[in-house]
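> 3D model of this:
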Amino acid sequence: MYSIEYFHPRVLAEIESWPADLLADYARIAELLMEHGPMLRLPHSRAFGGGLFELRPRGKAGIGRTFYCFRIGQRVVVLHAFIKKSQQTPERELNIARKRMKEVLHG
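The predicted structure is shown next:
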């Protein structure tokens, strides 16, 4: 089993502020992530390269995204979360996640 931690309490607060159906799908996919770790693939998870991944919860209210990476000791760090408003993942959101991943992995 993998454990999930959050880069900052604000990341968890963002996820918890999501509409109920989106939050429920996130919780379901997070359980799959804890069980399967890096073996979790589409449609639940997608690799962005360089050790960065995204969880892909959806609901009637919209599409959520959480970026995460793996740490030694079967730990997952959720770096950033947002509700997607366009087809393409905004570069700004991706840059936030990459910067935080660098901080987590390299100090």
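
> which residues in the protein form helices?
Counting by DSSP state H, residue ranges of the helices within the chain are 9-16, 20-36, 91-106.

> out of those helices, which is closest to residue 51?
Counting by CB to CB, residue 51 lies closest to helix 91-106 out of those; the figure is 6.7 Å. The way it works is simple: take the backbone N, C-alpha and C, and place the C-beta from them, glycine included.

> which elements pack onto that closest one?
Here helix 91-106 touches strand 52-55, strand 62-71, strand 75-84, going by 3 or more CB pairs under 8 Å, 6 or more residues apart in numbering; DSSP states H and E.

> buried residues, it. List them.
Under the neighbour-count criterion of 16 or more other CB atoms under 10 Å, helix 91-106 has 93-94, 96-98, 100-101, 104 buried.

> re the thing from before, quick one: the helices of the chain as a markdown table, columns for mean pLDDT too.
As requested, these are exported to a markdown table (pLDDT from 0 to 100):
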| stretch | mean pLDDT |
| --- | --- |
| helix 9-16 | 98 |
| helix 20-36 | 98 |
| helix 91-106 | 96 |
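
> can I get those helices in CSV with distance to residue 58?
Shown next, in CSV, are these (distance: least, CB to CB, whole Å):
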stretch, distance to residue 58
helix 9-16, 14
helix 20-36, 6
helix 91-106, 16
